[in-house]
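*Asks:* My questions are about this predicted structure, shown below with the sequence.
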Protein chains: 4
Amino acid sequence: MIYFNSDYNQGAHPEVLDALIKTNAEHTDGYGLDPHCENAANMIRELIGDESCAVHFMTGGTPCNITFAAAMLKPWQSVIAARTGHIYFHETGALEGTGHRIVTVEAPNGKLTPELIDAALEEYQDEHTPEPALCYISQPTELGTVYSKDELKAIHAKCRRHGLLLYIDGARLGAALTCRGSDADIRDIAALSDAFYIGGTKNGALFGEALVIRKSIDSGYFRHMIKRQCGMLAKGRLIGVQFEALLAGGENSLYYRIAAHSNAMAELLREGLKKHGVRFDGDSPTNQIFPILPAGVVGELKKDFFFYEWRREKDGMIPIRLVTSWGTERSEVEAFIEKLDELM
Amino acid sequence: MIYFNSDYNQGAHPEVLDALIKTNAEHTDGYGLDPHCENAANMIRELIGDESCAVHFMTGGTPCNITFAAAMLKPWQSVIAARTGHIYFHETGALEGTGHRIVTVEAPNGKLTPELIDAALEEYQDEHTPEPALCYISQPTELGTVYSKDELKAIHAKCRRHGLLLYIDGARLGAALTCRGSDADIRDIAALSDAFYIGGTKNGALFGEALVIRKSIDSGYFRHMIKRQCGMLAKGRLIGVQFEALLAGGENSLYYRIAAHSNAMAELLREGLKKHGVRFDGDSPTNQIFPILPAGVVGELKKDFFFYEWRREKDGMIPIRLVTSWGTERSEVEAFIEKLDELM
Amino acid sequence: MIYFNSDYNQGAHPEVLDALIKTNAEHTDGYGLDPHCENAANMIRELIGDESCAVHFMTGGTPCNITFAAAMLKPWQSVIAARTGHIYFHETGALEGTGHRIVTVEAPNGKLTPELIDAALEEYQDEHTPEPALCYISQPTELGTVYSKDELKAIHAKCRRHGLLLYIDGARLGAALTCRGSDADIRDIAALSDAFYIGGTKNGALFGEALVIRKSIDSGYFRHMIKRQCGMLAKGRLIGVQFEALLAGGENSLYYRIAAHSNAMAELLREGLKKHGVRFDGDSPTNQIFPILPAGVVGELKKDFFFYEWRREKDGMIPIRLVTSWGTERSEVEAFIEKLDELM
Amino acid sequence: MIYFNSDYNQGAHPEVLDALIKTNAEHTDGYGLDPHCENAANMIRELIGDESCAVHFMTGGTPCNITFAAAMLKPWQSVIAARTGHIYFHETGALEGTGHRIVTVEAPNGKLTPELIDAALEEYQDEHTPEPALCYISQPTELGTVYSKDELKAIHAKCRRHGLLLYIDGARLGAALTCRGSDADIRDIAALSDAFYIGGTKNGALFGEALVIRKSIDSGYFRHMIKRQCGMLAKGRLIGVQFEALLAGGENSLYYRIAAHSNAMAELLREGLKKHGVRFDGDSPTNQIFPILPAGVVGELKKDFFFYEWRREKDGMIPIRLVTSWGTERSEVEAFIEKLDELM
């Protein structure tokens, strides 16, 4: 069986694992108050060109999203997000669990726009509705699509104008930073947001994400919030160690190389599919693609390949999701295309 | 100035006020544990033909909606509602404040349907999304429209099939029970829901609503929840006294008569408007109507009448909201129509 | 039966009720945005000598306590209170319901002190414990005792030093302002707290309290919070009207006269009890007293008088609670003393 | 520098790390739905002799405590715990963050008793106080002390009698299972509780705990709750793999051997201290001990050894905390004792 089901179906990239092995016997303080976390945080500050920002290492993406939003919002405030956004669609109401509404908008291609933000703002009138205070987007989106630098600028400007914080979920940030046609680098991401995270789990780490918060909005009490939201790891250094391994070398680091590889593997799949005139849900240039295939073909592919059906069959066609990762080998992609060539 | 702005712009109906005056000097236990509340609860049980249900007197509609939902839902469960529903649109995220999502659907005329419930259910797949557990509707809706008995039956059946509780917000229940063409009586409301409330505030009381909960889902601990949600009134009897005054006589009671009067006044307004070919937002047969008038006419009317613009001007036309109440006098309605006749 | 069970066992003081009757037919805007609320707020501003503070009319004491604290606290912050404090002891965990801890201390006589605040602060070390941010006291306390001006000053200074907000629950504030030996007037209460409320429910109103918030900590969004916490009354003017009636005349107002009367009636009871060498739980100079009586005497008194046993019988003695109010008549007190004279 | 500061200052026990290395390249499903988690869960079921219980692998101890309690409690319900309990003292109000009160009692030695539970229950009277519904204890306690089987039976019986759930925090369960004088084995722990967890983080794992829930109270929806509380790990198998390594061999497993080693090292320290007549805070037989030493001695020891002062200096004496772990070597303990011998 060959796996295209997700980018978290294996352990860590071997170089990341090595870093954990090498540091295993060290004694350090707990809860992320150790030299590895400090060092990794500084590497991130250098990478994004902002010495002053706060960096917190978190156990996962949902903890980043929720802990940040819950720390920032007043009880009566709400979050604006695409209905396809992870914070709405795949976090079991964790944000509402902290007492806040997500005001959803229908976003084609999974991307927010200034116009969609306006639509969400229109629901707010006075004290009888929650006050929108934070805009949630992800780069890339849940559909694999990527915001251009100009699109981010427009959203950022819109948020500034309306006093909204802008948060970028970077679960697969590496994929967006390294895909064809992407023009927003990590300094842009930092400059055009109030907070964002660099996702480790889906780009080579065992687990762990690096949440970056602009100095001016950091209360200095965020660690209280991590603990209160059950997200503080006793052996917190584990995440610091992994990010040291991932980020050494900046834009030439393992982090960028893993992401570029994943994207390249997805690109190969895409080309193999396009050869047969296959259409796609969205136009993802990153490591998740959503080809729409005849049900019969899907059935045959499933015998050798593991992947998920993305939406229900309609008119005999099924959109599926193919995901590549650091562990995806070129031979696996070729096997898929070969099989496809036989079937179509 | 003549007021069509709301049905809560005056105090209580004089007969309700009289009941408060007459009982003012009595000594009773507090927190709703008094003979008036007990008596009013029994009157309601008789009216709906269900001796076993729990009745709680609440200070307002939002407290009813939120306290009930929060008492019933598990932390990971959500509520399905129309995006125009009061619980979403006019309660400042109070439900999310208790940790639960409202899954919204776009509902023409403000009314949920089995198909719209299906659409909301489709978002739920597994442990990565909240589990819908309660359906919120109001009778009449925020747009003044009314569910027929068959429509309620269909929604009720749908909810039963999917294990959803059905809750009916009855802020203006009287208006729905007494309007033209309405075929669902209060026994139907009780039989086709798991809980509902009989709204007092907008139908002649100073304040207060009677929340009715089907015996089989009443935990016996609901009073803990009322107190915890800050909704327990020290002089709780005040609501019991008012409902005694409103409901004495059952379907011939003051409650029904006030509602019928409000509807009749709105009907007169509607006819006066239709004479001029005026179109309406929605087809409300109850005491809220939404005529769409030329901006110039609206401007002139505002000199003598107080009402709210409902939505923004579009193509020179403005939908306004006119609301009638126990205090609306026929002469006031006639003055409005006269003025309209002059202007159009 | 004569009632000493509570100060909320009757309706409103007749003059308050009259105000409601006289204004009943007026048309006003809803939700507290009406001339009566505005006028009553200004009367309060004048009474306390602070033109700038925010005044919000609330439906009850628990709504005041919880809504204020929840609006002010960050998610990881806690409240310091006496374990006998109403916010801990009699609100069903409403504060915890908003996500915050109450750090309790054992307070003799129900009164916090700088030393007790220190004890509570000692529990806070770092991000592994909630950060205390608000001190809750009530004047008078749940045991009827009263803080002197010096005691309040010491607590206020302590709070300032540690960055704690100081909140004073004034459910029975009138009783504290008018009792023998009290030297903190309402200007002191305002000057020595960040927020407090003037209790109406237990001093002549049907219901309603006036929450006063120091300008510098008022976010301007408090009405969002009232609505979100289910505390906004549609006919909000009802509370404004009642406070107009209660407060007209400032320190000579009905509010002060009612409280002084209640205190005087309690004083008569106290003297009648002391004659027989009765001891008391606490040394309350206000309208709640806690005499400790032989079980047999309590049993006999219960035949003619309604009151609550405060704690369990111990060694044949039972502490009971006697409460007086605007409605308590001198003849009722005398009847109690007479009976006592017979029994002891 | 030699480390006695905590049992989470190194990485994983080498055998645990090996298991992670060996399985690193495997492809599995995410979120704990993999063969390793299934297998580890079955090993636990066999170990405790209960085939039917639910087992969930969690990222840490606080997530276990909070997610379980929040899933079980109704909004108006509270938890009873010792004021020294981890859930109160070291989780930044995470439980209150889910809306529930912790009713604390002063527990000598950190241990709850039926009498202390009674004291907590006494605070509950009616709908004006939260309803206690869950009793939280830890084995061993925060002070290293251990409940005997009879003590657990008495607490369990008390809880059953009052309808309270009994939850046992097993962050250091191994230490309690293997220490001198301990007579409650893991089957007793399972039989005498409604839920408990087997702590991995502090007994050889990188991170991860195994939460065990009695079948009859498992709703089947607990995974929704894990996700909603931000505790679901994408590569969930990491915890399963570690528990496979820790528990293979049941009571002869690595888990038991690590704990026994830690206890033995602490025992050596204790003996070395007792030789000098040193007194201890509490009488811990497990891997945390709290000797009380002269301030001067503490100062000298700090030059070579890293540990925390537990409470403030008093009369020249300072209670310190010494913790041992899988990584503590006999030579390190001997070095400490030697130094002590020099100093005292």
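*Replies:* Structure received.
*Asks:* Can you report how many residues lie near residue A:275?
*Replies:* 12 (other CB atoms under 10 Å in any protein chain shown). Glycine gets a C-beta too; all of them are placed from N, C-alpha and C.
*Asks:* Let me know the distance separating it from chain D.
*Replies:* 27 Å (CB to the nearest CB, to the nearest Å).
*Asks:* Which stretches in the stretch 101-250 of chain A count as strands?
*Replies:* A:102-105, A:131-138, A:165-169, A:195-199, A:209-213 (DSSP state E, counting those that start in this stretch).
*Asks:* Specify the stretch among those that is closest to residue C:293.
*Replies:* strand A:131-138 (54.8 Å; CB to CB).
*Asks:* Can you tell me the strand partners of the closest one and which way each runs?
*Replies:* Strands that pair with strand A:131-138, judged by DSSP bridges, come out as strand A:77-82 (parallel), strand A:165-169 (parallel).
*Asks:* Any buried residues in the shortest one, and which?
*Replies:* Neighbour counts over strand A:165-169 (16 or more other CB atoms under 10 Å in any protein chain shown) mark A:165-169 as buried.
*Asks:* for those, which one is nearest chain B?
*Replies:* residue A:169 (15.1 Å; CB to the nearest CB).
*Asks:* Enumerate every residue touching that closest one.
*Replies:* Residues counted as contacts of residue A:169 (CB atoms under 8 Å, 6 or more residues apart in numbering or on different chains) are A:61, A:64-65, A:85-87, A:136-139, A:196-197.
*Asks:* Return the residues of the stretch 51-200 of chain A in contact with chain C.
*Replies:* A:70-71, A:74-76, A:98-99, A:127-128, A:130-131 (CB under 8 Å from any CB of the partner chain).
*Asks:* The residues you listed into TSV, with extra columns for neighbour count and pLDDT?
*Replies:* Output for those, formatted as TSV (neighbours: other CB atoms under 10 Å in any protein chain shown; pLDDT from 0 to 100):
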residue	neighbour count	pLDDT
A:70	23	98
A:71	23	98
A:74	19	98
A:75	24	98
A:76	29	98
A:98	24	98
A:99	26	98
A:127	19	97
A:128	18	97
A:130	28	98
A:131	19	98
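*Asks:* from the residues you listed, which two are the most distant?
*Replies:* Farthest pair in those, by CB to CB: A:71 and A:128, 25.7 Å.
*Asks:* Mind checking the strands paired with strand A:131-138 for the one nearest to residue C:325?
*Replies:* strand A:77-82 (41.3 Å).
*Asks:* Touching, residue A:235 and residue D:59? I think so.
*Replies:* No: taking contacts as CB atoms under 8 Å, residue A:235 lies outside contact range of residue D:59: 11.0 Å.
*Asks:* of those two, who's got more company?
*Replies:* Comparing residue A:235 with residue D:59 by other CB under 10 Å, the one with more neighbours is residue D:59, at 28 against 24.
*Asks:* so who does the more buried one touch?
*Replies:* Per CB under 8 Å, 6+ apart, neighbours of residue D:59: A:59, A:233, D:207-209, D:231, D:233, D:239.
*Asks:* what do you get for residue A:297?
*Replies:* Counting by CB under 8 Å, 6+ apart, residue A:297 has contacts A:340, A:343-344.
*Asks:* Report how many residues lie close to residue A:34.
*Replies:* For residue A:34, using other CB under 10 Å, the count is 22.
*Asks:* can you give me the helices for chain A?
*Replies:* Along chain A, counting by DSSP state H, helices occupy A:14-22, A:35-48, A:61-72, A:86-89, A:94-97, A:114-122, A:149-161, A:173-178, A:186-191, A:222-228, A:237-247, A:254-274, A:295-301, A:330-343.
*Asks:* Is the fourth one positioned near chain B?
*Replies:* Yes: with CB under 8 Å from any CB as the criterion, chain B is reached by helix A:86-89 at residue A:89.
*Asks:* Which single one of the contacts of residue A:297 is nearest to chain D?
*Replies:* Nearest member of these to chain D, counting by CB to the nearest CB, is residue A:340, at 20.4 Å.
*Asks:* what about residue A:181, how many neighbours?
*Replies:* 8.
*Asks:* which residue packs closest to it, ignoring adjacent ones?
*Replies:* Once flanking residues are discounted, residue A:181 sits nearest to residue A:285: 5.7 Å by CB to CB, 6 or more residues apart in numbering or on different chains.
*Asks:* show me the contacts for the one you found.
*Replies:* A:144-146, A:179-182, A:263, A:267.
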